[in-house]
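Quick check, what structure comes out for this input:
(chains A and B)
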Number of protein chains: 2
Amino acid sequence: MKDLFGRPGKISGLVLRIMQCLFAAASIGIMASAHGFTVSTAFCYLIASMGLQILWSSVLACIDIHALWLKRDLNNQIVFILFFVGDWVTATLSLAAACSSAGVAVLFVKDTNLCRPGSGLSCSMFQIAVSLAFVAWFLLAITSYVLFWLVASP
Amino acid sequence: MKDLFGRPGKISGLVLRIMQCLFAAASIGIMASAHGFTVSTAFCYLIASMGLQILWSSVLACIDIHALWLKRDLNNQIVFILFFVGDWVTATLSLAAACSSAGVAVLFVKDTNLCRPGSGLSCSMFQIAVSLAFVAWFLLAITSYVLFWLVASP
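Below you'll find the model as predicted:
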């Protein structure tokens, strides 16, 4: 039970953390380079939330590298609880950011004609950034569930 | 461990389910009676998602009432897994709906001047409906965590 895919201190866990960082960074990069993203608070919040996810996932990736380097098993309930709380808070904020940005992007693209050519809004880039944020959240959700399982099963 | 607050077949679980239904119904009622809610797909999705939450929570409330009436203990792992999957799917959809609507509401109220008097949009009602949706999601999140704990701890 304790050798779950994606658990801290395993290669699969490290790969998930690195991918969480990469997708969040890609989302920030595309959103920040899109014209007119400052028009919506939701888009700015997406950048802040993905920044937090990069920070959190990179710290946990470093801990995974350290544990793999020294061949130490991270089998400590207190550590799991700390990781679990951090993962769930970050995952909830990431989902909230992705969904609020998706709501605004759909409003721009489908509900109004704000995305007509010459409007000065990079709507396709908004959509790509939101999609990448959803992937980043999904990868974080996997590790969150694994950590919950590790905390809940004695 | 198995006598957790809010677990299925207990008074606390039934109260949580009824409150989930009430807050979701209030959110639908206020959003549907707001002028101009059809302008955004996110607001329509909020109504659909809260409708799904009412459906799900009312079915589980009926099961709780049945178990309490017959004084039967719902201590079956298969039942818990079914409830857990349904709860998590519904909770994720509710959070997504609340966040996407919040993103659009913030865009209307803060980022643009769409909510000026005479615009024909009931912005304060949008905000109240979104707040109620967040409360409905929070109540659903409590039962989701309780069910995950029941499934994960043998």
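
so where's chain A shaky on pLDDT?
A:1-2, A:154 (pLDDT under 70).

all strands in it, in order from the N-terminus.
Remark: no strands are assigned in chain A by DSSP state E.

Show me which residues of it sit near chain B.
Applying C-beta under 8 Å from any C-beta of the partner chain, we find that chain A lies next to chain B at A:39-42, A:92, A:95-97, A:99-104, A:106-107, A:110-112, A:148-149, A:152-154. C-betas here are computed from N, CA, C, even on glycine.

if you set the cut-off to 10 Å instead, what comes out?
With C-beta under 10 Å from any C-beta of the partner chain as the criterion, chain A meets chain B at residues A:1, A:38-46, A:88, A:92, A:95-112, A:134, A:141, A:145, A:148-154.

Which ones among the residues you listed map onto helices?
Secondary structure from DSSP state H places A:41-46, A:88, A:92, A:95-106, A:134, A:141, A:145, A:148-152 of those in helices.

circling back to that earlier point, could you turn the buried ones of the residues of chain A next to chain B into a PyMOL selection?
Buried members of those, defined by 16 or more other C-beta atoms under 10 Å in any protein chain shown, are picked up in PyMOL with:
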select buried, chain A and resi 39+40+41+42+43+44+45+46+88+92+95+96+97+98+99+100+101+102+103+104+105+106+107+108+109+111+134+141+145+148+149+150+151+152
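
quick one: the spatially most distant residue from the centre of chain A from residue A:140, how far?
Largest separation from the mean C-alpha position in chain A: residue A:118, at 32.0 Å (C-alpha atoms, centre = their mean). Using C-beta to C-beta, to the nearest Å, we find residue A:118 at a distance of 37 Å from residue A:140.

what's the answer for residue A:20, then?
Counting by C-beta to C-beta, the gap from residue A:20 to residue A:140 is 5 Å.

what residues are shared contacts of the two?
A:53, A:56, A:57, A:87, A:90, A:91, A:94 (C-beta atoms under 10 Å, 6 or more residues apart in numbering or on different chains).

neighbours around the fifth one, how many?
When you say that, I think you mean residue A:90. Neighbours of residue A:90 under the rule other C-beta atoms under 10 Å in any protein chain shown: 24.
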